[in-house]
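K.L.:
this one's structure only:
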Ligand SMILES: Cc1cc2nc3c(=O)[nH]c(=O)nc-3n(C[C@H](O)[C@H](O)[C@H](O)COP(=O)(O)OP(=O)(O)OC[C@H]3O[C@@H](n4cnc5c(N)ncnc54)[C@H](O)[C@@H]3O)c2cc1C
């Protein structure tokens, strides 16, 4: 479990990083927190010829609240996002989901943007970005482009970030209206990747009736899945809505796979149960905010 | 003695060192040594057609590449069969490097030595092995069917078939008023120490001697094996177990291929060579355990008393049997637990499969046996509508029936005779601790809140401290330090503390004056090893006996110096004094000086031992006839047979009615390992054992696919419980001393793990009302059991 040989670059600025990445092209690989990449290197499941370590890019180590949402820079750690109080006040879903990402020591090192680029279909933040309709800002030495969540996750461990590109930041928009959120998941052990995880976003009208209900899922498909469940619960009182119906609606549309930890049927069952729990919790959250 | 140190829960003396990063594990040694890496088979069953190393030769830093062809004579022979048994008629052991055929994923084929491990792995990646594929045999069912064979010369895949009988069990069952049949399975798991195996060898060409450091549970035995294999005189080989980061059984297996190959390469190359196993290697090239399928037929009376028990089981021994059939022998004898089975018949088949070999893992066949017996007890209780503890109570061996002879042969080749134990008292304590009789109230409250809870119980008896022997060396240095050595090894059990407590108590010195060394053949040459919960029983008693000899000698010398009768002397805090006469004292350090008559002093203190220092009886030799210089002694303890510890666990679980998640709310342990040297250490052993029991019951399994690939060979997918999955553990002790040894000790190392699957299956069954016959169990599986139950209802 030692990596194959690679060249190591450690740029000091974003410009220098973009320069190095441009020169390396397909041979270069960004190293952020290393919590996913280093195991792959050590097991020789990945053998890039060059690593570009971005950990010195302090310019990107920010968590910033903008009018439209929260922007997270490429070298901000999961823990930075999770612990930032202003961020929690603005967008509680980030912390609600991040506490389920691995363990504190891994969150101290792993980056939120890195977990988006890594595009693990079990990564909580992929579904959070998808649920909120967020985007990722991708830069090269020549250009900057913004890719919406719906176009960002291409497959398991495959995102829209291409060779020579740096994901500079991610933008998590604030939901509109009287919205509440929740994250619920079942993992085999505390902090493990979930067997099934559900993020919920419920909007209430002025009478505290459900105006809109959406959910996002991890570990049930190759990329995060977002479902609009409004039809099942629209207009129902927040504390007496038929969340089970929403769960059934969502689960009926999912086609998860089996793995060594869970059958497909159990995953689908969990999707239904956890949808109901997450929606109920999000509705309560909306009512309390 | 003013205060007792034996029996006190003092903190472990090794912990400050180990917890602050001062430990010296295998991979902390040998800076600058060459590093070895191995090409291992990616296939479960194949013939090796060709090995092409030419690409690898270009790797800079490459030193050597070895295949089986390169191993001279004995070095390349199959590894030894460690524990032969008359019923093990088809033993097969692996070659150090595969010759012609591989029989499991992970079997070593090529050894590469390079200037560091990175480069060695680079070279490994460039070596091409061509294979002819053979169909693999995976799992017990397929091995039993025997349509395909693991070894072509073992016709039915059976390595051993063993039968033991007491009375006529089938007849007793036939005649019994009630009968039940059960099928009970346990899946594969493994020891999984945090530190894998590792070997570091230094050949001294001038001295023609070899020093080997290895992460082992049996350094003396590794030494003998290396000397025999490499054709070296035994006294030219030293084997040292440095700090060992856990063993749990997997490191009692020896010599591992690497324990032969790394020293051999060191001699051949004239360089230091080291190898530290990585986690992936550990999963596929060390050992696993546990997988067994059992069929039980039981006959009992209206009260639930056993009349006859007939058990047949199939044991998956993996690809080879170097450790013999200890695990199934232990299951077949220890499944009886604290009960009288009536007539008993047990038969097992040990089966080859194209998977990693099987050797004992903490518990060593007992968790399976306990699961079988306890499931049977629960089934009888359910059938008769009796409380589960009532059925158990009625079948207990009573204290006044001790020693109790089961009429069977145990794993040490000796009769299975329980030496002591009070099972009714243990159960009574457990019921009180967990609140067994009040549980229905709790269940009702929980049900009212929409919660589902259950309680379970598991009882076991564990044969511990098997022979043949261990020894202890104790020496008082001239500065008053007491040096202690024993040959068996430590993997975190707290021997540096427990043995020091024994010596401090027996000798009368402060415990911090005692320094204990284990597992170093330079310090103690005769030993067996650390396994089967035997270290405290064996070395504890040996060290005590050696200390008693030292004490006797100290009192004799001090008696001369103080002109007192040794019988009137005592040792308190390292000082010999005349009982009741203040002032007449001599420190043990001085006694140590006097014990070694000198011609040449080497410091101020030792002048007292030179020839003109004091008047002496000139007609007597300075050392009395038959005596020896030095305040030191060696002693051995060899027991007639094993001593039997016991315990009972109870757990309360909650199962989520929707997600089928299983949560342990309470876990209670009552434990009797005879006299306690240090209750804190015993509790630590129980904690670790229970954690592994929880792992085996709810999380861990080796998932092989039909082609023999291990699908979860990493800590990401092999789910050892974290601290978050292990419940708070409530413990109560009973101390029933063993009559077999001077200190009254019984072993405690494995106990905690034994009833894990038994107690948790019992609790889940109680919560769910669904029969649990196979462990481990996951939420996904519980969900499907519920589905099945609701469609058949
Ligand atoms: C034991 C363990 C448990 C874990 N459990 C979870 C879990 O439950 N949920 C979860 O979501 N995650 C989990 N993770 C993963 C963790 O969240 C990772 O930190 C994260 O997935 C990747 O972030 P990183 O900064 O470590 O990225 P790295 O490992 O450094 O990189 C990952 C990939 O993204 C690329 N990359 C990273 N940043 C950029 C960038 N700015 N621009 C372009 N490419 C980039 C890299 O080239 C690489 O391909 C776990 C990790 C471990 C070790």
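P.N.:
Cool, the structure landed. Since this is a predicted model, take the numbers as computed values, not measurements.
K.L.:
measure the residue of the stretch 51-200 of chain A found nearest the ligand to residue B:123 for me?
P.N.:
Nearest to the ligand in the stretch 51-200 of chain A, going by C-beta to the nearest ligand atom, is residue A:110, at a distance of 2.0 Å. Just so you know, the C-beta spots here come from the backbone N, C-alpha and C atoms, and that holds for glycine as well. Residue A:110 sits 32 Å away from residue B:123, going by C-beta to C-beta, to the nearest Å.
K.L.:
ok, now residue B:84?
P.N.:
The value you get for residue B:84 to residue B:123, if C-beta to C-beta is used, is 38 Å.
K.L.:
And what about whichever residue of the stretch 151-289 of chain A sits closest to chain B, helix, strand or coil?
P.N.:
Closest approach between the stretch 151-289 of chain A and chain B, counting by C-beta to the nearest C-beta: residue A:190, at 3.7 Å. Following DSSP: H, G, I helix; E, B strand; the rest coil, residue A:190 is assigned to coil.
K.L.:
right, and it touches residue B:719 too?
P.N.:
No. Using C-beta atoms under 8 Å, residue A:190 is not in contact with residue B:719, being 11.1 Å away.
K.L.:
With neighbour numbers in mind, choose between the two.
P.N.:
residue B:719 (21 against 13; other C-beta atoms under 10 Å in any protein chain shown).
K.L.:
per-residue confidence at that one?
P.N.:
pLDDT, residue B:719: 98.
K.L.:
so who does the nearest residue to it once chain neighbours are set aside touch?
P.N.:
Distance criterion C-beta to C-beta, 6 or more residues apart in numbering or on different chains; nearest residue to residue B:719, sequence neighbours excluded, is residue B:699 at 4.0 Å. Residue B:699 is in contact with A:188, A:189, B:719, B:720, B:721, B:725, B:776, B:778, counting by C-beta atoms under 8 Å, 6 or more residues apart in numbering or on different chains.
K.L.:
what's the closest of those to the ligand?
P.N.:
The shortest approach to the ligand among the contacts of residue B:699 belongs to residue A:189, at 10.1 Å (C-beta to the nearest ligand atom).
K.L.:
Could you tell me which residues make contact with the residue of the stretch 51-200 of chain B at minimum distance from chain A?
P.N.:
For the stretch 51-200 of chain B, the residue closest to chain A is residue B:118, as judged by C-beta to the nearest C-beta, at 4.4 Å. Applying C-beta under 8 Å, 6+ apart to residue B:118 gives the contacts A:2, A:3, A:5.
K.L.:
SS state for the residue in chain B that the ligand sits nearest to?
P.N.:
Nearest to the ligand in chain B, going by C-beta to the nearest ligand atom, is residue B:716, at a distance of 6.5 Å. Following three-state DSSP, we place residue B:716 in the coil state.
K.L.:
now it: how far from residue A:97?
P.N.:
Distance from residue B:716 to residue A:97, by C-beta to C-beta: 20 Å.
K.L.:
Equivalent analysis for residue B:142, please.
P.N.:
From residue B:142 across to residue A:97, the span is 43 Å (C-beta to C-beta).
K.L.:
tell me, which helix in the chain spans the most residues?
P.N.:
I'll assume chain A. Longest helix in chain A, counting residues (DSSP state H): helix A:264-288.
K.L.:
Please refer instead to chain B.
P.N.:
Chain B, longest helix under DSSP H: helix B:541-562.
K.L.:
Okay, buried residues for it please.
P.N.:
For helix B:541-562, the neighbour count (16 or more other C-beta atoms under 10 Å in any protein chain shown) marks B:541-548, B:550-551, B:553-555, B:557-559, B:562 as buried.
K.L.:
ok, now stretch B:457-468?
P.N.:
Residues B:457, B:458, B:459, B:460, B:461, B:462, B:463, B:464, B:465, B:466, B:467 are the ones in stretch B:457-468 that count as buried (16+ other C-beta under 10 Å).
K.L.:
Same question for stretch A:218-228.
P.N.:
For stretch A:218-228, by 16+ other C-beta under 10 Å, it's A:218, A:219, A:220, A:223, A:224, A:225, A:226, A:227.
K.L.:
same deal with stretch A:106-126?
P.N.:
Neighbour counts over stretch A:106-126 (16+ other C-beta under 10 Å) mark A:106-107, A:109-126 as buried.
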